[in-house]
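Asker: Structure for the following, please:
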Amino acid sequence: MTNREATMTDPVNHTILLLDIEQFGRRDDVEQAFMRRMLYAVLHETLRSAGVEPAEQRLEDRGDSVMALISATVPKTGLLHALINETPTLLHANNRLAAASARVRLRIVLASGEVAVQELGGALGGAVGWDLNQAFRLLDSAPLREALRHRDGPCVLAVSDALYQGIVRHGHGGLAPEAFHRVTVQGKEGEFPAWLHGEPAPGTLDPAPVGAPSAAQPQAQTPVPVAAQAPAPAAAPQGAASFQFLGGTPTFGGSLIGGDQHTVSGGQVHGDVNTGNTIGGDR
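Answerer: Prediction:
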């Protein structure tokens, strides 16, 4: 195999972090260079605050964006807290020192999945995988772009459905599931769900999926129609039961029990016998 032929690793599970600068192409070269330096400064400080060591991350430059593949052993809760709390603060502090035309606003995606690395001789990068493709679809999606456009803050965060269902929905690490809202992303391979942190743009919020309510939107109990409710058991009749014997000569081979356990045994009974409640059968 020559040094220009491809070698591919087996897929390994990674946490996928993507950051993209809003309206990067509208800036001139000097502004773009400044904004890229800010992007990497914010990324490195975010990863440091989440406890990600240099050996646990692989960075690939994408011009106006950057991809970080992070070891699956790094807790995702720490990354989410850093992205929710630290990254906006870092962007705000850096933007205060920048000219208005060079201020950075970011679309951010956190996902997870199987990623293989294909090294090509003479070329940089080469990460491949279905989950990685879907994460980039989410990064470039209309719901994420619209959410940032409608916000005053410097960034917007979206997470994959798998990460939401496995981490956020359960409130691990003190995360608030109700702060995330479900949206549908239209990718090249079809639609798929994702979750935005904070309020989505008008018209992009999905209704709660039928039969699978999120932790933020618990399903209400459906009232049972009155007609479908089981009838209440009839109340036991009150008052004394009555045995009537009209003519003849009644004979009892055993005991007759009614109401307060009066007993008539043997002999002949004439007229009315009132023994309280009636208990039938062979009692």
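Asker: so where's the longest helix in this structure?
Answerer: helix 29-49 (DSSP state H).
Asker: Return the alpha-carbon coordinates of the helix or strand following it using CSV.
Answerer: For helix 29-49, the following helix or strand on the C-terminal side (DSSP states H and E) is strand 57-61. Output of strand 57-61 as CSV, limited to C-alpha atoms (Å, rounded to 0.1, in the frame of the first residue of the first chain):
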residue,chain,number,x,y,z
GLN,A,57,-10.2,15.1,21.4
ARG,A,58,-9.6,15.2,17.7
LEU,A,59,-10.2,18.5,15.9
GLU,A,60,-10.8,19.0,12.2
ASP,A,61,-11.0,22.5,10.7
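Asker: quick one: buried residues of the next helix or strand after strand 57-61?
Answerer: Scanning forward in sequence from strand 57-61 by DSSP H and E, the next helix or strand is strand 65-71. For strand 65-71, the neighbour count (16 or more other CB atoms under 10 Å) marks 65, 66, 67, 68, 69, 70 as buried. Using the backbone N, CA and C atoms, a C-beta is placed for each residue, glycine as well.
Asker: pLDDT and distance to residue 197 added to those residues, as CSV?
Answerer: Listed next are those as CSV, based on pLDDT from 0 to 100; distance: CB to CB, whole Å:
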residue, pLDDT, distance to residue 197
65, 96, 19
66, 97, 19
67, 97, 20
68, 98, 18
69, 97, 21
70, 98, 18
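Asker: how far does stretch 17-35 stretch from start to finish?
Answerer: Stretch 17-35 stretches 18 Å from its first residue to its last (CA to CA, to the nearest Å).
Asker: do the same with stretch 43-60
Answerer: Its start and end residues considered, stretch 43-60 measures 12 Å (CA to CA).
Asker: what's next to that stretch, contact-wise?
Answerer: Contacting residues not belonging to stretch 43-60 are listed as 19, 66-71, 73-75, 78-79, 81-83, 86-87, 90, 117, 124-125, 127 [CB atoms under 8 Å, 6 or more residues apart in numbering].
Asker: Report the buried members of those.
Answerer: By neighbour count, with 16+ other CB under 10 Å, those hold 19, 66-70, 74-75, 79, 81-83, 86-87, 90, 117, 127 as buried.
Asker: Cross those residues against strands and list the overlap.
Answerer: The strands in this structure, assigned by DSSP state E, contain 19, 66, 67, 68, 69, 70, 117, 127 from those.
Asker: which residues are in contact with stretch 181-197?
Answerer: For stretch 181-197, with CB under 8 Å, 6+ apart as the criterion, the contacting residues are 84, 133-134, 137-138, 141-144, 147, 156-161, 164, 168, 179-180, 198-200, 204-206, 208-209, 214, 216.
Asker: circling back to that earlier point, identify, from the ones in strands among the buried ones among the contacts of stretch 43-60, the entry nearest to residue 40.
Answerer: Nearest to residue 40, judged by CB to CB, of those is residue 66 at 6.8 Å.
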